[in-house]
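Chemist: here is my input; please provide its structure:
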Amino acid sequence: MKTLYVMRHAKSSWGEPGLDDFDRPLLEKGKKRTKDVIDFLLKKKVTPGLILSSPAVRAIETARIMAFGLNIPQESIREEKLIYTSESERLEDLFYDLPGSIDSLMLIGHNPAMTNFVNNFIEQKIDVLPTSGVVGLEFDTDDWSGIISKKPVLKFMIFPKMLG
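Modeler: Modelled structure (predicted):
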């Protein structure tokens, strides 16, 4: 059994004109909403063995907050440029080299790729995966490359607006 948590980075700042998209930091509001989501995830006993994150500042900051809040070592975060630069179809490439010893994985990235990726797996499509939103999917497979062809069970879908 493999469990995948797909997350969109926390709310980020557009306040600095001229700042490259890659370098946009998180807003305090985004950090707070992420902590609210962490409280929900802790109740669900979510503990990813690995976090794959876009290297963009807002995504990697979100990954660090998630790791700290879920008591996961910071060394369990791996930056993947592919998450920042690609569409949802290419995200499948991330799963072919993952060790089978990892049973749960969190993927932290950007829209529209995260929304499109989630919609590949769920029946009731979503219009947008909001910032700090997390979708938990469980796959009946022992191999990460097998998730692409499996129909998962939707464990939960949590968005910050649902929490307060």
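
Chemist: would you map the helices across the chain?
Modeler: 28-43, 57-69, 81-85, 88-91, 113-119 (DSSP state H).

Chemist: report all helices and strands that the third one contacts.
Modeler: In this case it means helix 81-85. helix 88-91, strand 104-109 (3 or more C-beta pairs under 8 Å, 6 or more residues apart in numbering; DSSP states H and E). C-beta here means a position set from N, CA and C on the backbone, and glycine is covered the same way.

Chemist: point out the most buried one among these.
Modeler: strand 104-109 (a mean of 24; mean count of other C-beta atoms under 10 Å).

Chemist: mind giving me the packing neighbours of it?
Modeler: Partner elements for strand 104-109 (3+ C-beta pairs under 8 Å, 6+ apart): strand 2-8, strand 50-53, helix 57-69, helix 81-85.

Chemist: mind putting those in TSV, mean pLDDT, distance to Asp23 and mean neighbour count included?
Modeler: Conversion of the helices and strands packed on strand 104-109 to TSV gives the following (pLDDT from 0 to 100; distance: least, C-beta to C-beta, whole Å; neighbours: other C-beta atoms under 10 Å):
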stretch	mean pLDDT	distance to Asp23	mean neighbour count
strand 2-8	97	18	24
strand 50-53	98	15	22
helix 57-69	98	5	21
helix 81-85	92	12	16
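
Chemist: now do the same contact list for the closest residue to Glu138 other than its chain neighbours.
Modeler: Once flanking residues are discounted, Glu138 sits nearest to Val153: 4.6 Å by C-beta to C-beta, 6 or more residues apart in numbering. Val153 makes contacts with 137-140, as judged by C-beta atoms under 8 Å, 6 or more residues apart in numbering.
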